[in-house]
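1. The following block contains a protein sequence and its predicted model.
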Amino acid sequence: MKKDEMNQDVMKILVSLDENYLYQLQVLLTSIAINNPKEKIEIYLMHSGISASDLEGVERSCQSLGYRFFSIYVDASIFDDALETKRYPQEMYYRLLASYFLPKQIDRILYLDPDILVINALRPLWETDMQGNLFAAASHTSMKELSNNVNRLRLGTDHDYYNSGVLLMDLKLCRKKIDPREVIDFSTTKRMSLLLPDQDILNAMFGDRILPLDDSIWNYDARKYNSYLTRSSGKIDVDWIFVNTVILHFCGRAKPWKPHYPYRFGLLYKHYEQLTQRRLVNL
């Protein structure tokens with residue numbers, strides 16, 4: 001797509017979750033709306049069991065922000081034999097086959113995990129030239145070279161280990177290159193060797209078809225402020241982050257909506273929670 005055509009394009013945002021993350025989805029929507037005020041946006045939610053009343057609540061919220069909302073039901077039996085835990089529900093796999101679950105007329109979509117804040121404009125990411133890749137994603141492994149090497153050995157790859165929480169997808173190309181049966185088979189036959197299931201599959205099967213993104217801008221690990229600061233020789237400080245970082249990702253077990261969150265950006269998340277509560281009261 002040409003740049004001038006892309007500028008007129010509606011940004012399409014994809015999330016995949018169960019009912020336990022609906023509140024975090026609302027906070028994510030608030031952050032997108034505040035920091036992308038002039039954008040036309042469509043929200044696509046892939047799920048396999050969210051109630052009609054909860055879906056209506058999300059739709060009303062999207063309408064209040066001027067967003068179109070689309071509920072995409074996925075038959076849970078597709079990944080029946082895949083590894084699933086409380087921390088890693090089945091819905092995590094759906095992003096890998098988004099090109100088959102979503103309407104065929106959609107050629108590009110941006111997947112975001114619900115434990116994310118968007119604090120600047122998404123448009124530059126949306127307009128990224130995919131250069132013939134299936135996905136664009138960031139790696140957090142530059143901060144942990146040992147971890148990177150372990151993941152390469154574990155998965156038999158020779159590229160960085162990409163985080164699956166932010167994925168720009170070329171759906172048109174994915175439909176040509178991804179065989180859903182192979183993804184489902186991998187999730188089943190390798191289930192006991194997968195540590196971060198959907199992320200492992202993404203890297204093992206498609207890691208050589210991923211365009212690398214700068215994680216300090218597009219998938220900042222909110223736990224790692226000191227690491228970013230040190231490896232940038234002091235450049236990536238709080239002031240830099242608020243001007244340049246677009247996506248803050250609250251990775252890991254500790255979450256800012258839970259008690260005793262230990263990391264720096266917990267207060268920022270609380271601020272967006274408060275703004276979300278004010279917004280939802282008026283629906």
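-> Sure thing, it's come through. Numbering: from 1, shown residues only.
2. Centre-most residue in this structure?
-> For the chain, the residue nearest the mean C-alpha position is residue 112 (2.4 Å; C-alpha atoms, centre = their mean).
3. surely it meets residue 13?
-> Yes. In this structure, residue 112 is within contact of residue 13 by C-beta atoms under 8 Å, at 6.1 Å. C-beta coordinates here come from the backbone N, C-alpha and C atoms, glycine included.
4. Please enumerate the strands of the chain.
-> 11-16, 41-47, 68-73, 108-112, 116-118, 135-138, 166-170, 210-213, 220-221, 247-249 (DSSP state E).
5. now the last one: how far from the chain's centre is it?
-> Think strand 247-249. Centroid displacement of strand 247-249 relative to its chain, using C-alpha atoms, centre = their mean, to the nearest Å, is 9 Å.
6. is it true that residue 126 touches residue 110?
-> Yes. Residue 126 is within contact range of residue 110, at 6.2 Å (criterion: C-beta under 8 Å).
7. Tell me the residues that contact both of the two, please.
-> 11, 168 (C-beta atoms under 8 Å, 6 or more residues apart in numbering).
8. Tell me where the model's unsure across the chain.
-> For the chain, applying pLDDT under 70 flags the ranges 1-8, 81, 83-89, 141-159, 191-194.
9. quick one: buried residues of the longest helix along it?
-> Longest helix of the chain, by residue count under DSSP state H: helix 266-281. Applying a neighbour-count criterion of 16 or more other C-beta atoms under 10 Å, one finds 266, 268, 269, 272, 273, 276, 279 buried in helix 266-281.
10. do the same with stretch 222-238
-> Buried, per 16+ other C-beta under 10 Å, within stretch 222-238: 222, 223, 224, 225, 228, 229, 236.
11. any chance of the residues you listed in a markdown table, plus distance to residue 137?
-> Listed next are the buried residues of stretch 222-238 as a markdown table, based on distance: C-beta to C-beta, whole Å:
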| residue | distance to residue 137 |
| --- | --- |
| 222 | 17 |
| 223 | 18 |
| 224 | 17 |
| 225 | 21 |
| 228 | 18 |
| 229 | 23 |
| 236 | 19 |
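12. Between those, which sits nearest residue 99?
-> Residue 99 has its nearest neighbour among those in residue 222, at 29.1 Å by C-beta to C-beta.
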